[in-house]
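Peer 1: Predicted model and sequence follow; I will ask about them next.
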Amino acid sequence: MKDTRVLLGVTGGIAAYKAAALTSTLVQAGAIVDVIMTAEAERFITPLTFSSLTARPVYTSLWDAPERIPHIRLVREAHVVIVAPATANILGKLANGVADDLLSTALLAARIPIIVAPAMNSAMYEHPETQAHLQTLSERGITIVAPESGFLAERESGVGRLASEERLLDAIRLVISSGNGVLRGKRVAITAGPTREPMDPIRHLSNASTGAMGIALAREATARGAEVTLILGPTALLPPAGVRTIRVVTAQQMFDAAIADATGADLTIASAAVADWRPAEQSAQKLKKSDADLNVRMVRNPDILKTLGERKGGTFLVGFAAETQAHEENALEKLRNKNLDAIAVNDVSEERGFGTVENKLTLLFAGGEREELGTGSKPLLAARMLDAIAKRMEAAK
Ligand SMILES: Cc1cc2nc3c(=O)[nH]c(=O)nc-3n(C[C@H](O)[C@H](O)[C@H](O)COP(=O)(O)O)c2cc1C
């Protein structure tokens, strides 16, 4: 998002307060955000909130701006305009060419991509008139981030909640990466999550991975226009919408899926925490408890990354190294042994990594370069990681 210029239109709905959180996230991601508020939006939230977050003036009127024609300048300078939340009113105005305030006039003057994120009471959203407006806007190439179902301000459940911030960000990224993204149209395979190695029908050996990092990478790669296959081990987390997901349980199943789907991919990222060993025997019945100790013989699982490295072809192959000591040394050895193009080093000794919200990553490349991705949320690091990888893929062309 760095240096992306986003024009954010805020209209008069209850969800207007969520536009403040979106603004903050965009600013933190390096975007330059200009905000236009309708007069009705100002009844819900003040311009001061947005000017404080963006450190830029907020535009509320066609007539009060310091220069004469702010609607033209604002849409010329921005890369994308997003209206979030978008009232039924602004959808109707945009669909019908009404330009009676700064936001509706700017939208009509826009030659940049437009995204609208409707939020309203379900009866308003489902009204044939609103649906017809959305249909018209969609036919004109405007991106609509559909609202979600859930608890509405009217204390009832229904469709009409503003889409999650993640979906709004996905839509912005997708729109700005269209056409020029290195990953656009590329085949990307990602493994994520833990594996489970059963001992009997109810017991298994596993690890603390949740798959959050791989899921964030899948979401980010999809937003950049890639065709993503996510091979996901057992986790309670949901895969991103629109990503082809193959659910697996054991390391052997993950191996089979990875060999079938990652072979021939443009980019493969192996972020799954695959069990290296599995119990040699799997009891068909629950093992009976006794007072004696239990010795379990473990046998080696197939090495997914090594096999992918041996059959790499033109794939840009990236692994993860979750290490508790001698991080970079061990990671570099893994990079060489497995014929990888890059490895993300994840320090799991500092209460980061598995199951945590924050992560800390360093990316090491086969050519010897290194890129510190820093500390941050997994979605943020996923974006930085794909930026760095895309740069190398482009350079390797
Ligand atoms: C308390 C309250 C909440 C409202 N929430 C919404 C809403 O979530 N979505 C919507 O489309 N309209 C909502 N409205 C109606 C709009 O504010 C109204 O249609 C207004 O004219 C929209 O103006 P604007 O589109 O220029 O911002 C709400 C009105 C009130 C009084």
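Peer 2: Cool, the structure landed.
Peer 1: so how many other residues sit close to the residue in the stretch 151-300 of the chain positioned nearest to the ligand?
Peer 2: Nearest to the ligand, among the residues of the stretch 151-300 of the chain, is A153, at 6.6 Å (C-beta to the nearest ligand atom). Glycine gets a C-beta too; all of them are placed from N, C-alpha and C. A153 has 13 neighbours, counted by other C-beta atoms under 10 Å.
Peer 1: Surely it is in a strand?
Peer 2: No - with DSSP: H, G, I helix; E, B strand; the rest coil as the criterion, A153 is located in coil rather than a strand.
Peer 1: what about the helices in the stretch 51-200 of the chain?
Peer 2: Assigned by DSSP state H, counting those that start in this stretch, the stretch 51-200 of the chain shows helices spanning 70-77, 88-96, 102-109, 122-126, 128-139, 165-177.
Peer 1: Give the other helices and strands that the first one contacts.
Peer 2: Contacts defined by 3 or more C-beta pairs under 8 Å, 6 or more residues apart in numbering; DSSP states H and E place helix 70-77 against strand 5-10, strand 32-37, helix 102-109.
Peer 1: For A171, find the nearest of the ones you listed.
Peer 2: The closest of the helices and strands packed on helix 70-77 to A171 is strand 5-10. By C-beta to C-beta, the value is 11.3 Å.
Peer 1: Can you give me the buried ones in the helix or strand just after that closest one?
Peer 2: As assigned by DSSP states H and E, the chain's next helix or strand after strand 5-10 is helix 16-28. Neighbour-count burial for helix 16-28, counted by 16 or more other C-beta atoms under 10 Å, picks out 16, 18-20, 22-27.
Peer 1: In contact with the residue of the stretch 151-300 of the chain closest to the ligand: list those residues for me.
Peer 2: Neighbouring residues of A153 by C-beta atoms under 8 Å, 6 or more residues apart in numbering: 14, 121.
Peer 1: let's see 10 Å
Peer 2: Listed by C-beta atoms under 10 Å, 6 or more residues apart in numbering, the contact partners of A153 are 13-15, 119-121, 160-161.
Peer 1: So out of everything in the stretch 251-397 of the chain, what residue is nearest the ligand?
Peer 2: The ligand sits closest to P379 of the stretch 251-397 of the chain, with a gap of 26.6 Å, by C-beta to the nearest ligand atom.
Peer 1: Go ahead and confirm that residue touches Q28.
Peer 2: No - using C-beta atoms under 10 Å, P379 makes no contact with Q28, being 11.5 Å away.
Peer 1: sorry, back to before: using a markdown table, please lay out the helices of the stretch 51-200 of the chain together with mean neighbour count, mean pLDDT and distance to the ligand.
Peer 2: Listed next are these as a markdown table, based on neighbours: other C-beta atoms under 10 Å; pLDDT from 0 to 100; distance: least, C-beta to the nearest ligand atom, whole Å:
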| stretch | mean neighbour count | mean pLDDT | distance to the ligand |
| --- | --- | --- | --- |
| helix 70-77 | 18 | 83 | 15 |
| helix 88-96 | 21 | 98 | 3 |
| helix 102-109 | 22 | 94 | 7 |
| helix 122-126 | 16 | 93 | 6 |
| helix 128-139 | 14 | 91 | 8 |
| helix 165-177 | 21 | 86 | 16 |
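Peer 1: which bits of this structure sit near the ligand?
Peer 2: Within the chain, the positions adjacent to the ligand are 11-15, 38, 40-41, 87-90, 119-120, 124 by C-beta under 6 Å from any ligand atom.
Peer 1: now the strands: where do they sit in the stretch 201-350 of the chain?
Peer 2: Ranges of strands within the stretch 201-350 of the chain are 204-205, 227-232, 244-247, 267-270, 277-279, 298-300, 316-323, 342-347, based on DSSP state E, counting those that start in this stretch.
Peer 1: quick one: low-confidence parts of this protein?
Peer 2: Applying pLDDT under 70 to the chain flags the ranges 65-68, 154, 177-181, 241-242, 325, 348-357.
Peer 1: The helix ranked longest in the chain: which residues count as buried?
Peer 2: For the chain, the longest helix by residue count, based on DSSP state H, is helix 378-396. Residues of helix 378-396 classed as buried: 378-390, 392-393 (neighbour count, 16+ other C-beta under 10 Å).
Peer 1: And stretch 49-64, by the same measure?
Peer 2: 49-50, 53-54, 58-60, 62.
Peer 1: Specify which member of those is nearest to the ligand.
Peer 2: Comparing the buried residues of stretch 49-64 against the ligand with C-beta to the nearest ligand atom places T60 closest, at 11.1 Å.
Peer 1: quick one: contacts for the residue lying closest to the closest one once chain neighbours are set aside?
Peer 2: Counting by C-beta to C-beta, 6 or more residues apart in numbering, T60 lies nearest to M37, which is 5.1 Å off, once chain neighbours are set aside. M37 is in contact with 8-12, 16, 19, 43-47, 49-50, 58-61, 101-103, counting by C-beta under 10 Å, 6+ apart.
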